[in-house]
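Chemist: What shape does this take:
(one chain, ligands or ions: 1)
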Amino acid sequence: MNLYPKSKSGLSTGLALILSIFLISLYSSQNGKILLYKNPELFMENRVEELLKRMTLEEKITLLSGKGFETNPVERLGIPSIRMCDGPVGVRWDKSTCFPSSIGMAASWDTELISRIGWAIAREVKAKGRHMLLGPCININRVPMGGRNFESFGEDPYLTSRLTVSYVKIVQEQGVIATPKHYACNNQEWERHSINVKVDERALREIYLPAFQSAVEEGRAWSIMAAYNKVNGFHCTENNHLLNDILKNEWGFEGFVVSDWGATHSTINAANFGLDLEMPERIYFGEDLLKAVKSVEVKESIIDDKVRRILRVMFLVGLFDGKSNLDRGALDTKEHREIALQAAREGVVLLKNERKILPINIEKMKSIAVIGPNAAINRHGGGGSSAVSPFYSISPLEGLKKKIGNDVEINYSLGCKLEDEISPKELFIDAVTTAKKSDMVIIFTGLSNQFESEGFDRKDLNLPECQNELIEKISEVNKNVVVVLNTGSPVLMNRWIDKVSAVVEAWYPGQEGGNAIADILFGYYNPSGKLPVAFPLRWEDCPAYLTYPGKDGETSYSEGIFVGYRYFDKKNIKTLFPFGHGLSYTTVEYNNIEIFPDAISDDEVVNVKIDLKNSGKIEGAEVVQLYIRDVESSVERPFKELKGFKKVNLKPGETKTISFTLERKAISFYDEIRKDWVAEPGEFEVLIGSSSQDIRLKGKFVLK
Ligand code: BGC
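Modeler: Have a look, this model is predicted:
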C-alpha cells in the first residue's frame with residue numbers, strides 16, 4: 001500500500017532508488033563525515049535506515065517519549081523535536097483563529113469547507129512554529145451527554161469519515177502532521193482514564209473504527225492518538241488488536257501511534273502491543289524500556305520499527321531539510337477570519353420556523369428584545385484541550401447591533417445567568433418587561449464551556465432550570481419568540497418547544513459567532529446546516545440509556561451497531577429532531593431518480609442520479625442525503641444507513657442533476673465469522689432525502 005510519497009524530490013521510485021544507491025556509495029567512499037540522511041535528494045526510506053543505523057539503543061529510546069508538547073531530541077545526530085499543539089478547532093497555542101466546534105463544522109456537511117478550515121488551521125500551526133496538530137477528534141457521539149461530543153463530528157460513521165479525510169489530507173498537504181484521535185471508543189468522559197468499553201467486533205468495525213480507517217487508508221494520516229480508555233479489557237495504548245492487528249497490519253498504517261497525555265500504563269505491553277510514542281513525559285518508555293530490551297522482553301526490532309515510524313514522519317514534514325522553517329504559515333489573516341465566518345454560518349441549523357417568522361423582516365419590526373445569558377457573550381467553544389483563545393470574539397448582541405442596530409430598537413436584558421438553577425427575581429422581571437414592550441424576542445440560551453468540556457460529562461440533557469423558566473415566561477407575554485441555542489450536543493426542549501415560533505442551533509460557533517447568527521436571523525445568509533446527531537425527546541429513549549455510565553469500571557455497548565438514528569429507526573422511536581434535519585428559507589423539490597444498472601455483480605458500481613430543484617424564491621443550499629437499506633439479510637442490519645451526501649447550492653428556479661456512485665463497501669456489513677466485509681446478494685433500497693426522516697425518493701437495485 002502506498003501510504004506515503006516515496007521520494008521527496010518527486011522522482012519515480014526506481015529512479016530515486018538508483019540515484020540513492022549511487023549517492024550513498026559516492027558519499028561513503030569519498031567523505032565519511034557527510035551525513036547522508038541530511039540529503040533531501042535521497043529516497044526517504046534510505047534516509048531513515050541511514051539515520052537509524054547510526055543511533056545507539058539509548059538514543060532510539062530517547063526518541064520514543066516527549067516532554068510537554070515536544071518529542072525528545074537527539075542532539076548528537078541533530079535529530080530535532082517534533083513540536084505539537086492541540087486542535088481541532090484552531091491552534092491552542094497563545095492566540096489563534098477560533099473556528100466553530102467540530103460538531104458545528106459537521107453540521108455544514110460540507111467537505112470542501114472542512115478542507116478550507118483544515119488549510120487555515122495548518123497554516124496557523126506553522127505560524128506558531130509547531131509541526132503536529134493533535135486533531136481531528138473523530139470519536140462517535142454515542143452518549144448524548146458526552147462531555148466532548150462538541151469536539152467531534154456526530155453520530156454517523158460515514159459522515160465522520162468523509163469529513164475526517166478532507167481534514168487530514170489538507171493539513172498534511174501543508175506539511176503538518178495530523179493526529180486523528182482518540183483511537184478508539186473514547187465516547188464518554190466518565191472514568192475516561194480507566195473505563196473498560198466492552199464492544200463487539202461488528203460495532204467496532206461498522207461504527208467506531210470507520211473514520212480511523214478512512215483517515216489511514218484515504219487520508220494517509222501520519223499519526224494516530226491512542227485513547228485513555230480500555231477496549232475489551234486492554235488499555236488503548238497497549239491494545240494489540242486495535243494497534244497491531246487492525247491499525248498497523250490490516251490497514252497498513254506507517255505513521256506513529258502517540259499516547260494520549262498520560263494514557264500509557266506499562267512498558268513491555270505498551271511497547272510490544274503497538275504504542276510508539278509516550279507523551280507528555282518519559283515514564284514507561286525510558287530506563288524500564290532499555291532494561292526490557294536488554295532482557296529481550298521487548299525485541300530491538302520492535303524498537304527499530306517505532307523509531308522508523310517517527311523518523312519517517314520527521315522526514316515527511318521536512319524537519320531535517322529546514323522546510324518547516326522555510327514556510328512560516330500565517331496567523332489571523334483576513335482569509336482565515338472569512339473562513340471562520342463562513343464555517344459558523346454553514347453550521348447553523350434551523351430546527352423550527354413556524355409562520356416563517358425567520359428571516360426577520362426588519363421593515364415590519366420597530367423593536368426587538370434580545371434576552372438571555374448567551375446574548376452578550378459569544379460562547380465560541382467548549383472546554384478542555386480544544387479551547388482556543390481567539391484574537392476577538394463577536395457576541396450575538398454585538399453582531400445584531402452591527403447588522404440592524406440603526407434600523408430597529410434593540411432592548412437587551414440578561415434574563416438569568418447561564419449557570420443559575422433558579423433565576424433571581426429582579427433579572428427576571430426585567431426580562432419580561434423588556435419582552436412585553438418589544439415586537440419580538442430573541443432568547444439566546446444554551447450551555448457553555450462550563451457545561452461541556454473534556455474531563456466530565458453533562459449531568460443530564462436539560463438546559464439549566466432558569467433558562468427553561470425564562471423561555472416559558474417570555475413566551476407567555478410575547479407570541480413572537482425565537483430561541484437560539486449554543487450547545488455541542490442535544491438538549492431537551494419539551495417544556496417550551498410548542499410555545500416558541502423558531503429554534504436555531506448555533507453550536508459553539510467560533511470567533512465569528514455573533515456575525516454569523518445575525519446573518520442567519522435577518523436573512524443575509526440562508527441556513528443550510530443539518531443535524532449530525534439526532535435530538536432525542538427523552539434520555540430514556542437513547543441507546544446508551546441502559547448501559548451508561550457503566551458499573552464497576554466497565555460499560556457495555558450492548559446496543560451494538562444500533563447507535564443514533566440506527567437505534568431510533570429500529571425501535572420506531574420518535575425523536576425531537578431527526579438526524580440530518582435542518583430547514584431553509586427556500587424550498588427544494590427532489591425529482592427523477594435513476595439507478596443504473598439495476599442489477600450488478602460483485603465488483604460493479606451502482607450509479608444514482610436525481611434532479612434537485614430550488615422551488616422557492618431565494619438562493620440556498622440543500623444537503624442531499626443518500627441512505628441504503630438492505631431489504632433482506634442473514635444478519636440484522638440497520639433500517640437505513642447514510643452512504644452518500646452532497647451539499648448543493650441552487651439559485652431560485654434552478655435545477656441540478658446530482659449523481660452518486662455506490663461501491664461494494666456501501667452495501668456491506670462486517671461479518672464477525674468470516675472476519676471480513678460482506679455484501680449479500682439480493683435487493684437494496686436507495687433512499688434519498690432531506691433528512692433521515694424526510695425521504696423524498698426511493699429506488700432499488702439488485703446484487704446478483
Ligand atoms: C486530551 C487530548 C489532548 C491532550 C493534549 C488530553 O487530555 O484527551 O485530546 O490532545 O490532552 O492536550
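Chemist: Residues of the stretch 151-300 of the chain that sit close to the ligand?
Modeler: Lys181, Asp260, Trp261 (CB under 6 Å from any ligand atom). From N, CA and C alone the C-beta is placed, and that goes for glycine too.
Chemist: Excluding chain neighbours, what is closest to Ser259?
Modeler: Nearest residue to Ser259, sequence neighbours excluded (CB to CB, 6 or more residues apart in numbering): Thr237, at 4.8 Å.
Chemist: mind listing what the single nearest residue of the stretch 501-650 of the chain relative to the ligand touches?
Modeler: Distances between the stretch 501-650 of the chain and the ligand by CB to the nearest ligand atom are smallest at Tyr508, namely 16.3 Å. Counting by CB atoms under 8 Å, 6 or more residues apart in numbering, Tyr508 makes contact with 100-101, 103-104, 150, 379-382, 449, 452, 486-488.
Chemist: Throw those into CSV and include distance to the ligand, secondary structure and pLDDT, thanks.
Modeler: Output for the contacts of Tyr508, formatted as CSV (distance: CB to the nearest ligand atom, whole Å; DSSP: H, G, I helix; E, B strand; the rest coil; pLDDT from 0 to 100):
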residue, distance to the ligand, secondary structure, pLDDT
Pro100, 18, coil, 98
Ser101, 14, coil, 98
Ile103, 15, helix, 98
Gly104, 18, helix, 98
Phe150, 13, helix, 98
Arg379, 20, coil, 98
His380, 18, coil, 97
Gly381, 14, coil, 97
Gly382, 12, coil, 97
Asn449, 15, coil, 96
Glu452, 14, coil, 97
Asn486, 22, strand, 98
Thr487, 20, coil, 98
Gly488, 15, coil, 98
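Chemist: got a winner among these for most neighbours?
Modeler: Neighbour counts for the contacts of Tyr508 (other CB atoms under 10 Å) peak at Gly381, which has 35 neighbours.
Chemist: Pull up the gap between Glu70 and Ala178, please.
Modeler: Distance, Glu70 to Ala178, using CB to CB, to the nearest Å: 18 Å.
Chemist: ok, these two, which is more surrounded?
Modeler: For Glu70 and Ala178, the more surrounded residue by other CB under 10 Å is Ala178, and the numbers stand at 32 against 17.
Chemist: ranges for the strands of the stretch 401-550 of the chain?
Modeler: For the stretch 401-550 of the chain, the strands defined by DSSP state E, counting those that start in this stretch occupy 409-413, 440-446, 481-486, 502-505.
Chemist: Please identify the most buried of the ones you listed.
Modeler: Compared across those, strand 440-446 shows the largest average neighbour count, a mean of 27 (mean count of other CB atoms under 10 Å).
Chemist: CA atoms only for it, dumped as CSV, please.
Modeler: Only the C-alpha atoms of strand 440-446 are listed here, as CSV (Å, rounded to 0.1, in the frame of the first residue of the first chain):
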residue,chain,number,x,y,z
MET,A,440,-40.5,40.2,19.0
VAL,A,441,-38.0,38.4,21.3
ILE,A,442,-34.8,36.5,20.5
ILE,A,443,-33.7,34.4,23.5
PHE,A,444,-30.0,33.4,23.5
THR,A,445,-29.7,30.4,25.6
GLY,A,446,-27.9,27.1,25.9
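Chemist: State the number of residues packed around the residue nearest to Ser259.
Modeler: Applying the criterion other CB under 10 Å, we find 29 residues in the vicinity of Thr237.
Chemist: sec struct for it, please.
Modeler: What DSSP: H, G, I helix; E, B strand; the rest coil gives for Thr237 is helix.
Chemist: what residues are up against it?
Modeler: Contacts of Thr237 (CB under 8 Å, 6+ apart): Ala226, Val257, Ser259, Asp260, Ala263, Thr264, His265, Ala270, Leu275.
Chemist: quick one: it from Ser223, how far?
Modeler: Between Thr237 and Ser223 the distance is 14 Å, computed by CB to CB.
Chemist: Now for those two: what residues contact both?
Modeler: Val257.
Chemist: Against Lys651, how distant is the closest residue to Leu546 other than its chain neighbours?
Modeler: Spatially, and ignoring its direct neighbours in sequence, Leu546 is nearest to Ser558 (6.9 Å; CB to CB, 6+ apart). Going from Ser558 to Lys651 by CB to CB gives 49 Å.
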